[in-house]
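Peer 1: need a structure here:
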Amino acid sequence: MLSSGICNTHPDLSRQRVLHRLGIFCGLAAALWLAGAEAPTKLVTVAVSPVVISFMMVFGAFVSRWSLPALVRGTGDTFRDVQNVPHLVLWGVMAGCLWAVGNTLTIFAVREIGLSLAFPLWNSNSLIGILWGTLLFKELHGAGWLRKLGVIGGAVVIFTGAILISAASTSQSGQGSAAHGIAAALGAGLMFGSMYIPYRKAYITGMNPLTFLTFFTFGEMATMTVIAVLFSGGARPFWHELVANRSILFWPLLGGFMWVVGDLFQNYAAKYVGISRGIPLSNTNQLWGLLLGLLVFRELHGLSANIYAEVIGGSVLMALGALAISTSSVSEREYASFLRASEREIELYRIDPEYVKARSEGLDVNAGEVRRTGGDWLLIATATLIFAGLGALAQPPHMEMQTGWLAVFAAALLAVLVAGALALWRVTKFT
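Peer 2: You can find the predicted model right below:
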């Protein structure tokens, strides 16, 4: 059988513990960057179409998802990866389609109920991720009752926090807009949660997140373009809308770049600790989103103490639930269940078991072959010119922002990026 290579090899448990700690750190890093990526959606409060904001975020993600892999390991490594698991290209495109729909829903949610209120609601994707991880990939099979209690109890606490946030949302907004905002945020959570099915299929066979997200971007870009054209009444009206708003297009483009960085961290977390743990951990971005909304944009300024209590209490509850899930470590029996899930994929798609084993342990199977070509540098230069060109046209949005807190947040983003990049390089060489 093809799976005999992975079955008969005793797993390096010390290596797994190192990767587990790395996955936990990546989940926390993802939380900060994913929160920062949503800040440009605040532009919907200055009469900019949510479709324009979402399209430019996706376009920024599209540019970044090709240029960053070219910079980190070279696109040659991406195509060598695909040769081992070509079926995952389709799954990556499918995940991108789900993300584009979910991202558009988040824009409408922010417009109706605000960033600090919408954020925790679409983070219900962690519940969906736990469900799919357990049912489809047997992530908790073989875990002890304390570990299962941590995951299930954490999910209940997250749900309770979401109810508190929903109550606060209804209190802050008018009944009609609040209902629409809540529905949009929960719909986004469903899309984002289901998106993790292709993620996990990719990572139980060891695919590099840099490779998976490269093809992911075709699905998100194609879907978002169709949505934008349909909502705008045609390609020409949509183009005119982009031109009319050219002075602010840089900001959501930057948000797309930030989302890609956060998404890469999230994917490394999903790879090394699973979606039922990695996704709730990255969903602590709700606290960063809450702080961003409160401190930088002063979203809840002047509201009653009860609303403050509901929003902050609900967010803390959801974060505690995510913490309980993420600290439920993987046992040897559960890791054995993970290996059986890998065997299933190996047999179904006839994948080389040695490739799966090496990549699942974060080892570089293409050592000595990673290099950047002229095409890679052309991709990097093109991406730089796109960002620089729109940046030259950019004007600061006309909204109240606390620049001191914004500077603190930016410094934290940079520090986490440097620390995360160094950790990933030392342990896995970004595999």
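Peer 1: where does the prediction get shaky in the stretch 301-431 of the chain?
Peer 2: For the stretch 301-431 of the chain, the stretches flagged by pLDDT under 70 are 301-303, 326, 328-331, 365-370.
Peer 1: please repeat the previous calculation with a cut-off of 90.
Peer 2: 301-376, 394-406, 428-431 (pLDDT under 90).
Peer 1: show me where it has helices.
Peer 2: Here the stretch 301-431 of the chain has its helices, by DSSP state H, counting those that start in this stretch, at 305-326, 332-349, 353-360, 374-393, 403-428.
Peer 1: now the ones you listed as JSON lines including distance to Arg21 and mean neighbour count?
Peer 2: Yep, even glycine has a C-beta here, placed from its N, CA and C like the rest. Formatted as JSON lines, the helices of the stretch 301-431 of the chain follow (distance: least, C-beta to C-beta, whole Å; neighbours: other C-beta atoms under 10 Å):
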{"stretch": "helix 305-326", "distance to Arg21": "12", "mean neighbour count": "20"}
{"stretch": "helix 332-349", "distance to Arg21": "15", "mean neighbour count": "17"}
{"stretch": "helix 353-360", "distance to Arg21": "16", "mean neighbour count": "20"}
{"stretch": "helix 374-393", "distance to Arg21": "31", "mean neighbour count": "14"}
{"stretch": "helix 403-428", "distance to Arg21": "9", "mean neighbour count": "14"}
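Peer 1: wait, which of those helices is closest to Leu68?
Peer 2: Nearest to Leu68 among the helices of the stretch 301-431 of the chain is helix 374-393 (8.5 Å), distances taken as C-beta to C-beta.
Peer 1: which outside residues touch that closest one?
Peer 2: 60, 63-64, 66-67, 70-71, 74-76, 246-247, 249-250, 253-254, 257 (C-beta atoms under 8 Å, 6 or more residues apart in numbering).
Peer 1: in helices, which of these appear?
Peer 2: 60, 63-64, 66-67, 70-71, 75-76, 250, 253-254, 257 (DSSP state H).
Peer 1: what is the helix or strand containing Ala179 packed up against?
Peer 2: Secondary structure from DSSP states H and E places Ala179 in helix 175-203. Counting contacts by 3 or more C-beta pairs under 8 Å, 6 or more residues apart in numbering; DSSP states H and E, helix 175-203 is packed against helix 88-113, helix 115-122, helix 125-137, helix 145-172, helix 209-232, helix 250-273, helix 275-282.
Peer 1: can you say which of those helices is packed in most?
Peer 2: Compared across those, helix 275-282 shows the largest average neighbour count, a mean of 30 (mean count of other C-beta atoms under 10 Å).
Peer 1: CA atoms of that helix as PDB?
Peer 2: The C-alpha trace of helix 275-282 is given here as PDB (Å, rounded to 0.1, in the frame of the first residue of the first chain):
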ATOM      1  CA  ILE A 275      -8.200  23.700  12.400                       C
ATOM      2  CA  SER A 276     -10.100  22.800  15.600                       C
ATOM      3  CA  ARG A 277      -7.300  24.400  17.600                       C
ATOM      4  CA  GLY A 278      -5.500  26.800  15.200                       C
ATOM      5  CA  ILE A 279      -8.600  28.600  14.000                       C
ATOM      6  CA  PRO A 280     -10.100  29.400  17.500                       C
ATOM      7  CA  LEU A 281      -6.600  30.600  18.500                       C
ATOM      8  CA  SER A 282      -6.400  33.000  15.600                       C
END
